[in-house]
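Peer 1: Sharing a sequence plus its predicted fold:
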Amino acid sequence: MSPDPISKASPIVIVGAGVFGLSTAIHLAKRGYTNVKLLDKQPYHDSKYSYDKGYINKIIRAAYGSQVEYQELATDAIASWESWNEEIKSGKTLPPALLGSPPKTDCSSTTRDTIANMTKVGLRETQVVWNNPDDVDRATKQGFGFAVNPFNRKNNFGVLDTQGGFVYADRACCFALHQAKALGVNLILGGMKGTFSNFLGEANSHITGVRTADGVSHCAELMIMACGGWTPTLVPQLDNVCETTAGGVCIFQLPPDSTLWDRFAPENFPTWTYDMRNGESGGLYGFARDSHGAVKIGYRGTKFTNPQTQADGTARSIPITRWTQQSTRQLPLTAARVIKNFVQDFLPELIPCATKTRLCWYTDSFDNNFVLDFVPGVRGLMVATGGSGHGFKFLPTLGAHIVDRIEGNQNPYLHFWDWRSLRSGMKPYNNIMEGVDSERSLHRQGLTKHDSLKELRSSL
C-alpha cells in the first residue's frame, strides 16, 4: 500500500545493510532525506564485509540476452562502478579499487540474443563471438585474447562481454557503507542493537517502526525491509512471490609462486559463466584467483531450499549460516558432482587445489525480477528484495529506482518490480515454495562428508 507522501525529515528505517539496503540509504540521502537509519545485525564497520565473514566476489555483466531493460540498467550501473573507481583513485576515499579488470565470457545460447540487442544500441564491438575470426582478432588486439575460449573447448562457441567482469564485493559494500555514513545516514550495526526483533504497530495493517533485540524501539514513517535471504520469513506476505535458495561454491586454493598462480591471475583469466539455463547439469560460474590465491567456482543449476515450519504453520526456506544456527560447509552431492565434472573436463589442473566449500544464499522471485514495492494492505511497510542471483551489479544505482517508488515518480523500469503474483497459465522462471517434500530441499539431499571436496578430489 503506497503511503501518503512523506517529508524529507520523516524517519525512515531500513533493515539490512546489504546491496539493496545500502543502495536505498545512499539514494535517500542524496535526494535530501535527513532522517534515515540503517540497521543490521552484522558489525560490517568492523568485519568489512570480508569473504571469511560471508562476502564473495560478484559478476558484473551487461549481457542479458533478450532482456533489453536489464541490459540498459546494467550498462548504466557499469558506468557508475567506473565512476566509483575514479573517485577512489582520486584519493578522496580510502577503500581500494572495486571493479575488477577481467572481462566476462559466457558459454550459453542466450548470447545470440545479447549480440542482437547490443548491435541495436551500437555496442556490438563490446561482444566477441569466439568462432568469429574478426571478433577474435579485435579482442586479441585489445588485450583480451586470453579470455577467448579459456577452457579450450572443442565446441568453441561462446561470447566474451568486454564490458563485464567482476566486482570485489567486500570492497564495494565497504565503499557504499562509507558513502552512506558520509551522507548522514545513521548506521546501527552489529549485536543486539542492530538485530531485528519485531515490528511496531499493527502487523497486518500499519507498521510504525521496529524494535531491536536490545529492546529499543525505532519509530518510522516508512520501514524498508532489505534483509536478503531473511526477508521472506520476516515479511510472510512474500509467500509465493519470493523464496530463499542456496547455490554451491567450491574454493580452490592455489600454491603461491606456481604456474597456476599466473595461469589464473586476473590479467590472464576471465570471469565466466557456463550453461546458466541448462538445469541441474549447468548453471556454473567462476572467477580468476583473488589476491590470496583463491579461485571460486559456483553452481546454481539447482536452487536448493531449507524449508522450516514457522509459527503460522507455513514452511519457509531460511538460510543456514554461522550467524543463525550450526552452519553447514558441506555441499549437496548434486552441486559437488557438477563442479567436479566441469573441473575434470576443462580445468583439471585445479583438482589438487580443492580446499573448502560453502552454501551461498540468494532470494529468488518466481519470475527472476526484483520486488521493490510497498506491501499490499500494510501502511508504512516496503520491501527491497528478490535479487535472484543478479542484483549485486546494481549496487550503485538500484536505490535511485527505489526512491522513485517511494516518491511516486515516473520510472520506465518500476513495473518490472511491482508487487505481483503468479497468474494462471504463467510458467515461472523459478519454482518456489515447494515445501519440505521438494526435490531441492536440503532435507532430501545427500551431502559431501567433509568441509571440502577432499573425498571428491581423491576419486579423480
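Peer 2: The structure has been received and is ready for your questions.
Peer 1: outside of the helix or strand containing A79, which residues touch it?
Peer 2: If you go by DSSP states H and E, A79 is part of helix 68-89. Helix 68-89 is contacted from outside by 60-64, 93, 95-99, 114, 117-118, 121, 123, 163, 167, 172, 175, 390, 393-398, 412-413, 416, using Cβ atoms under 8 Å, 6 or more residues apart in numbering. Heads up, the C-betas are built off the backbone N, CA and C, glycines and all.
Peer 1: likewise stretch 224-239?
Peer 2: Against stretch 224-239 from outside (Cβ under 8 Å, 6+ apart): 12-16, 18, 20-21, 24, 196, 241-244, 310, 312, 314, 316-319, 361-363, 371, 375-378, 381-385, 387, 402, 433.
Peer 1: before we move on, the earlier item: tell me the buried residues within the contacts of helix 68-89.
Peer 2: 60-64, 95, 97-99, 114, 117-118, 123, 163, 167, 172, 175, 390, 393-398, 416 (16 or more other Cβ atoms under 10 Å).
Peer 1: ok so, going back, and the contacts of stretch 224-239, which of them are in strands?
Peer 2: Under the assignment DSSP state E, these contribute 12-15, 196, 242-244, 316-317, 361-363, 371, 381-385 to strands.
Peer 1: Filter the residues you listed down to the buried ones and hand me the PyMOL line.
Peer 2: In PyMOL, the members of the ones in strands among the contacts of stretch 224-239 classed as buried (16+ other Cβ under 10 Å) are selected with the following command:
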select buried, resi 12+13+14+15+196+242+243+244+316+317+361+362+363+371+381+382+383+384+385
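Peer 1: Give me the average confidence score over the helix holding A79.
Peer 2: For helix 68-89, mean pLDDT is 90.
Peer 1: try stretch 27-38
Peer 2: Stretch 27-38 comes out at a mean pLDDT of 98.
Peer 1: Relative to the whole chain's centre, how far out is that stretch?
Peer 2: A distance of 23 Å separates the C-alpha centroid of stretch 27-38 from that of its chain, computed with Cα atoms, centre = their mean, to the nearest Å.
Peer 1: Just the endpoints, please. Distance across that stretch?
Peer 2: End-to-end span of stretch 27-38 (Cα to Cα, to the nearest Å): 13 Å.
Peer 1: Check stretch 34-45 too.
Peer 2: 21 Å.
Peer 1: ok, the residue nearest to R420 when sequence neighbours are not counted - contacts?
Peer 2: Spatial nearest neighbour of R420, excluding adjacent residues (Cβ to Cβ, 6 or more residues apart in numbering): V241 at 7.0 Å. V241 makes contact with 232, 365-366, 371, 386, 419-421, according to Cβ under 8 Å, 6+ apart.
Peer 1: Can you give me the distance of the residue lying closest to R289 once chain neighbours are set aside to F287?
Peer 2: Spatial nearest neighbour of R289, excluding adjacent residues (Cβ to Cβ, 6+ apart): F264 at 4.3 Å. Separation of F264 from F287 (Cβ to Cβ, to the nearest Å): 9 Å.
Peer 1: quick one, phi psi at the spatially closest residue to N204 that is not a sequence neighbour?
Peer 2: Take N204 and drop its neighbours on the chain: the residue closest to it by Cβ to Cβ, 6+ apart is V378, 6.7 Å away. The phi/psi pair for V378 (degrees, to the nearest 10) reads phi -120, psi 110.
Peer 1: wait, what's in contact with V378?
Peer 2: 1, 203-207, 237.
Peer 1: Then G194?
Peer 2: 39-43, 188, 212.
Peer 1: Filter these down to the ones in strands?
Peer 2: 39-40, 188, 212.
Peer 1: so which pair among the residues you listed is furthest apart in space?
Peer 2: D40 and T212 (10.5 Å; Cβ to Cβ).
Peer 1: on that earlier part again, buried ones among the contacts of V378?
Peer 2: Going by neighbour count (16+ other Cβ under 10 Å), these have 206-207, 237 buried.
Peer 1: and stretch 202-214, how far apart are its ends?
Peer 2: 21 Å.
Peer 1: which residues are in contact with it?
Peer 2: Contacts for stretch 202-214 (Cβ under 8 Å, 6+ apart): 11, 13, 15, 39, 41, 188, 191-201, 217-220, 223, 377-381.
Peer 1: please redo it, this time with the cut-off set to 6 Å
Peer 2: Outside stretch 202-214, the residues that touch it by Cβ atoms under 6 Å, 6 or more residues apart in numbering are 13, 192-193, 195, 197-201, 217-220, 223, 379-381.
Peer 1: cool, stretch 431-439 as well?
Peer 2: Under Cβ under 6 Å, 6+ apart, the answer for stretch 431-439 is 240, 243, 307, 315, 366, 443.
Peer 1: before we move on, back to that, D40 and T212: who's more crowded?
Peer 2: Taking other Cβ atoms under 10 Å, D40 and T212 do not tie; D40 has more neighbours (25 against 20).
Peer 1: shouldn't the more buried one be in contact with A17?
Peer 2: Yes. Counting by Cβ atoms under 6 Å, D40 touches A17, with 3.8 Å between them.
Peer 1: circling back: restricted to buried residues, select the contacts of stretch 202-214 in ChimeraX.
Peer 2: In ChimeraX, this line selects whichever of the contacts of stretch 202-214 come out buried by 16+ other Cβ under 10 Å:
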select :13,195,199,200,201,218,220,223,379,380,381
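Peer 1: ok, for K30, nearest residue in space, not its chain neighbours?
Peer 2: L183 (6.6 Å).
Peer 1: measure the one you found to N85 for me?
Peer 2: 19 Å.
Peer 1: Same check on F269?
Peer 2: For F269 relative to N85 (Cβ to Cβ), the value is 21 Å.
Peer 1: and if you look at R138?
Peer 2: Applying Cβ to Cβ to R138 and N85 gives a distance of 24 Å.
Peer 1: Please apply the same query to K120.
Peer 2: Distance from K120 to N85, by Cβ to Cβ: 28 Å.
Peer 1: And for R112?
Peer 2: Taking Cβ to Cβ, one finds R112 at 31 Å from N85.
Peer 1: Secondary structure class of Q330, three-state.
Peer 2: Secondary structure, DSSP: H, G, I helix; E, B strand; the rest coil: Q330 is coil.
Peer 1: Please verify my assumption that it contacts T448.
Peer 2: Yes. Counting by Cβ under 6 Å, Q330 does reach T448; the two are 4.8 Å apart.
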